[in-house]
Every structure is written in structure tokens, then in C-alpha cells.
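>>> Here is a sequence together with a model predicted from it:
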Amino acid sequence: MYANSAAIQGWLGLQVQSLGNCPYALLVALSAGAEPQLVAHWPAEQSVPPGSESVIAKLIAGLAAKQRLQMEKLSDEELLVGLPVTLADGLWGAFICCLPAQDKARLPLALKKLH
């Protein structure tokens, strides 16, 4: 696990709060040649919602390959949005959040907040 996991969990919580209507979010570390590693999730009590694993894996694969915004429809009510997390030396990982599908009009504002 990461040395300062409480700080990382706090950062993730702040991102979720800034979005407003986000039922869950994930922070995943990506390394070339290695499996993605779940670093933090919100809410802290639930890591990956049941039934969403394959959609999350598809989103992570797209993020790793294209290193830009990715979106996947989880259901008629939910949309997964993934953004690359970069550090000075390049891609570090992915921030993934779930947003209500009806909030697509608010998506540009949410993305601006995350950047």
C-alpha cells in the first residue's frame, strides 16, 4: 500500500465532494507491464461496486492506452468517467468516478473542477 494512504484517501474524498453527485470513485495506479492497482476508493467502506468490474477494466484499459478522458455507460442511470492522473514524468494512474447519466450537461463543469 502507499505510504500516505490516509492523505490519498482524503484527496479522493475532496475530489468527490467537488463533484457533488458522485456515488463512488476510484484511484488506480497504472504501471507498464503490471496489473492496475487500486490505491483508494470512496466511500471507504466499498471498493468496487458489484457488477461493475468489467466496465471499470475496460475504462482503465482505454485510459492506459489513450491517456485521455474515457467514458463508459454503466447502466441507463450511471456513467463512469475516467481521467488520467499525470505526474511530472508522465502517466501515474487513473481517477474514475461514477456520475448520474442525467448529469451529462454538468459533465464539462465536473471535468473542469477535476483538472
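Happy to help now that I have it.

>>> what sits against the residue nearest the centre of the chain?
For the chain, the residue sitting closest to the mean C-alpha position, by Cα atoms, centre = their mean, is I96 at 1.1 Å. By Cβ atoms under 8 Å, 6 or more residues apart in numbering, the contact set of I96 is A25, L26, L27, V28, I56, L59, I60, L80, V81, G82, L83. (C-beta placed from N, C-alpha, C; glycine too.)

>>> And it, how close does it get to L74?
11 Å (Cβ to Cβ, to the nearest Å).

>>> Spell out the residue ranges of the strands in the chain.
25-29, 37-42, 70-73, 78-87, 90-100 (DSSP state E).

>>> Overlap of the contact sets of I96 and L74?
Counting by Cβ under 8 Å, 6+ apart, the residues touching both I96 and L74 are L80.

>>> quick revisit: tell me what the residue nearest to the centre of the chain is bridged to.
L26, G82 (DSSP bridges).

>>> how near is it to A88?
I96 is 22 Å from A88, by Cβ to Cβ.

>>> cool, L12 as well?
21 Å.

>>> repeat for S54
On the measure of Cβ to Cβ, S54 and A88 end up 33 Å apart.

>>> which of the two has more neighbours?
S54 (9 against 5; other Cβ atoms under 10 Å).
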